[in-house]
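Participant: Just to be clear, the model below is a prediction. Sequence and coordinates:
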Amino acid sequence: MSPLPIAVSAPVRVRDRLRAAADGPVPLVHRGLHAVYADLDGWCVGVVDGLSTAVPCALRTTGTELPEVRSAHVAGGVLHLDDRPLLVGRYVDVAVPRLQVPVTSPGTSPGTTPAPMSADEVAELVGSGDGLTPYGDDLLCGWLAAHRSAGIATPEVDRAVRAQLHRTTLLSATLLDCALRGEVLPEFAAWLAALGTAAAPTHAARLAAVGHTSGLGLLRGAHRALTGLGLEIGAAA
């Protein structure tokens, strides 16, 4: 009898990377009760359950505990955990929402140039901190994604970030790549969408609670970016 498949949802770019991957084993870089991460040609693809953080580089299951995993491989564009295929049933949107002028002063609008961030500071931040996603990387992700939300390009910082990706973990480097493309956690997207409304503090608290310090880093990085663009967003972080 063939192993039962696991139903998952997927960001489109994760689907596309799996479809482009060669058949064969992929190394596991992290195995946990609620999340598994594998090295897919130098890019970290995850599998997360309903109790884990829904990072934008992961397939998502609806369960609350993943099966014990010993190995992973790709066959025909489908990721397998041991021998169980992960079949994509629907797609999820991980794009950062367009910023809806979160002002406390009428008439305020985003600037047209990026908030200040030097290449030297980027070098100090990348890989700075502990765990799979160091705090400095989380802050950078928030800063980058907030600019994407505001529709403001950050070419100099982008180049500096890409030049430093080798200095951090594979998962964190992948999440920085996602932020460069405006791909974010659902909690981050919900907070940005709520800016300027009475729900913003609630969504800020939910974002800050993600991970050990990941959500707080994202929040502070975004707060810095948006205030640097001239927006008054209140006590959002």
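Facilitator: Right, received. Where do you want to start?
Participant: Low-confidence bits of the protein, can you list those?
Facilitator: 1-2, 101-111, 234-237 (pLDDT under 70).
Participant: 90 - rerun?
Facilitator: By pLDDT under 90, the low-scoring segments of the chain are 1-4, 32-33, 62-68, 100-113, 131, 196-197, 212, 229-237.
Participant: Where do the helices of it begin and end?
Facilitator: 12-20, 119-125, 135-150, 155-164, 170-180, 186-194, 200-208, 214-228 (DSSP state H).
Participant: Turn the ones you listed into TSV, including mean neighbour count and distance to residue 43.
Facilitator: For every residue, glycine as well, the C-beta is placed using N, CA and C. What follows is those, written out as TSV (neighbours: other C-beta atoms under 10 Å; distance: least, C-beta to C-beta, whole Å):
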stretch	mean neighbour count	distance to residue 43
helix 12-20	16	6
helix 119-125	16	20
helix 135-150	27	15
helix 155-164	16	13
helix 170-180	24	5
helix 186-194	22	20
helix 200-208	19	25
helix 214-228	24	19
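Participant: Let me know which of these is the nearest to residue 100.
Facilitator: Of all the helices of the chain, helix 186-194 sits nearest to residue 100, with 7.3 Å by C-beta to C-beta.
Participant: Can you give the distance from the closest one to the centre of its chain?
Facilitator: 12 Å (C-alpha atoms, centre = their mean, to the nearest Å).
Participant: Residue 177: what's it in contact with?
Facilitator: Residues near residue 177 by C-beta atoms under 8 Å, 6 or more residues apart in numbering: 43, 165.
Participant: for residue 118, same thing?
Facilitator: By C-beta under 8 Å, 6+ apart, the contact set of residue 118 is empty.
Participant: contact partners of stretch 137-144?
Facilitator: By C-beta under 8 Å, 6+ apart, stretch 137-144 touches 115, 117, 122, 125-129, 154, 157-158, 161, 168, 172, 175-176, 178-180, 184, 188, 213-225.
Participant: Domain-wise, how is the chain divided?
Facilitator: 6-92, 119-228 (automatic domain parsing).
Participant: What is the burial count for residue 34?
Facilitator: 16 (other C-beta atoms under 10 Å).
Participant: hang on, it packs against residue 51?
Facilitator: Yes - if you go by C-beta atoms under 8 Å, residue 34 and residue 51 touch, sitting 4.8 Å apart.
Participant: Which residues are in contact with each of those two?
Facilitator: 64-65.
Participant: looking at it, residue 5 is touching residue 87, isn't it?
Facilitator: Yes - using C-beta under 8 Å as the test, residue 5 is close enough to residue 87 to be in contact (4.6 Å).
Participant: Just give me the longest strand of the protein.
Facilitator: If you go by DSSP state E, the chain has its longest strand at strand 84-92.
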